[in-house]
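Q: model the structure of this input:
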Amino acid sequence: MRRKDAHQKEGRLVIRVGLFHAANLAENPVKRACSEDRSVSSVGHFLFTLCRIEPLLFAVDHAHFLDPIPSRRRQTVPKRDNKRRRVSKLKANDYGIHLLVGIKGPRAWKVTIYRDGRTFNRLFSFSRYGGRDAARKAADECRDQLLLAHLPKLSRDVRQRIIATNTSGYPGVHYRCYTGIAYWVARTTLRNGSSVTKSFRVEHYGYERAKELAIRERERQLDGIGDYRSFKVVEGERRLMQLLVENPALEITGV
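A: Residues are numbered from 1 along each chain as shown. Next up is the predicted model:
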């Protein structure tokens with residue numbers, strides 16, 4: 001408020017000075033003749049004064065928008081009813097099954113399986129299947145069917161995929177040069193997230209020989225870790241093992 005009053009007083013003062021100066025020149029011909037010889041005329045001075053008034057008036061009119069004090073106040077936003085469904089996860093061993101909770105409480109089980117860029121979604125509502133337990137039983141059966149019908153790829157097949165940054169033409173084999181020393185490196189990520197790495201110095205073996213040794217080392221690393229189904233989460237692998245125990249007739253490779 002004090003800032004707004006100061007801007008108003010300064011604007012009125014500039015207007016009075018400009019009007020007084022123009023009236024004084026109009027009444028006194030001597031001063032008016034002297035002022036005509038100056039580089040800046042009285043009209044130009046008055047226009048310059050008006051140019052100063054405009055931003056001051058603008059600052060006065062919009063002082064309440066520029067005041068930082070109101071912006072510190074917390075603005076209350078009216079609450080809206082969020083009617084969209086939200087997904088609530090249960091225990092970690094319930095692989096691919098989630099409980100859908102609405103405004104009035106739990107209402108359905110949802111099965112979600114991701115495979116090779118595809119998503120399989122199935123919904124089992126309590127009202128359709130006659131209760132929560134019956135819907136869960138149907139969701140378990142659907143999840144197991146999707147799991148067996150769309151098994152993850154074998155780890156060896158996944159590791160043989162060449163990524164965009166690979167320049168050697170062989171997966172897991174890379175050329176590196178550190179501080180002027182060149183290497184061919186064979187690297188394989190293990191099941192627990194750690195990695196096995198072995199390098200071959202070009203200066204010792206030569207370029208082609210070092211590359212050949214790195215390729216052989218990569219094959220040896222793959223043979224050492226074995227082959228398995230590459231689930232992104234461990235719960236999927238555990239559920240697959242449970243199905244194999246419950247149904248010994250199932251024949252699944254890579255388990």
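
Q: for the strand of greatest length in the chain, packing partners?
A: Ranked by residue count and defined by DSSP state E, the top strand of the chain is strand 105-115. Here strand 105-115 touches strand 97-102, strand 118-125, helix 126-129, helix 132-149, going by 3 or more C-beta pairs under 8 Å, 6 or more residues apart in numbering; DSSP states H and E. No exception for glycine: its C-beta is placed from N, CA and C like everyone else's.

Q: let me have these in CSV, adding mean pLDDT and mean neighbour count as columns.
A: Shown next, in CSV, are these (pLDDT from 0 to 100; neighbours: other C-beta atoms under 10 Å):
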stretch, mean pLDDT, mean neighbour count
strand 97-102, 91, 16
strand 118-125, 94, 14
helix 126-129, 94, 14
helix 132-149, 93, 16
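
Q: now the closest residue to H174 other than its chain neighbours: how far from G130?
A: Nearest non-adjacent residue to H174, counting by C-beta to C-beta, 6 or more residues apart in numbering: V185, 5.0 Å away. From V185 over to G130 the distance is 60 Å, taken as C-beta to C-beta, to the nearest Å.

Q: thinking again about what came up before, so the residue nearest to H174 bridges to which residues?
A: V185 has the following beta-bridge partners by DSSP bridges: H174, S199.

Q: burial count for it?
A: 18 (other C-beta atoms under 10 Å).

Q: was I right about it contacting C177?
A: No. When contacts are counted by C-beta atoms under 8 Å, V185 is not listed as touching C177 (10.6 Å).

Q: how about the contacts made by the residue nearest to V111 when sequence neighbours are not counted?
A: Leaving aside its sequence neighbours, V111 sits nearest to R122 (C-beta to C-beta, 6+ apart; 4.2 Å). Shown in contact with R122 (C-beta atoms under 8 Å, 6 or more residues apart in numbering): K110, V111, A139, C142, L146.

Q: please enumerate the strands of the chain.
A: 86-88, 97-102, 105-115, 118-125, 173-178, 181-189, 195-201.

Q: just the pLDDT for the residue nearest to H174.
A: Listed pLDDT for V185 reads 95.

Q: what about it, distance to T197?
A: For V185, the distance to T197 - C-beta to C-beta - is 6 Å.

Q: R239 too?
A: 33 Å.

Q: tell me which of these two has more neighbours.
A: R239 (20 against 13).

Q: hang on, isn't the more buried one packed against L146?
A: No. R239 is beyond contact range of L146, at 11.1 Å (criterion: C-beta under 8 Å).

Q: quickly list what's touching both of those two.
A: With C-beta under 8 Å, 6+ apart, R239 and L146 have common neighbours G96.

Q: can you put the strands of the chain in JSON lines and add distance to A249?
A: Shown next, in JSON lines, are these (distance: least, C-beta to C-beta, whole Å):
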{"stretch": "strand 86-88", "distance to A249": "35"}
{"stretch": "strand 97-102", "distance to A249": "24"}
{"stretch": "strand 105-115", "distance to A249": "23"}
{"stretch": "strand 118-125", "distance to A249": "24"}
{"stretch": "strand 173-178", "distance to A249": "41"}
{"stretch": "strand 181-189", "distance to A249": "34"}
{"stretch": "strand 195-201", "distance to A249": "36"}
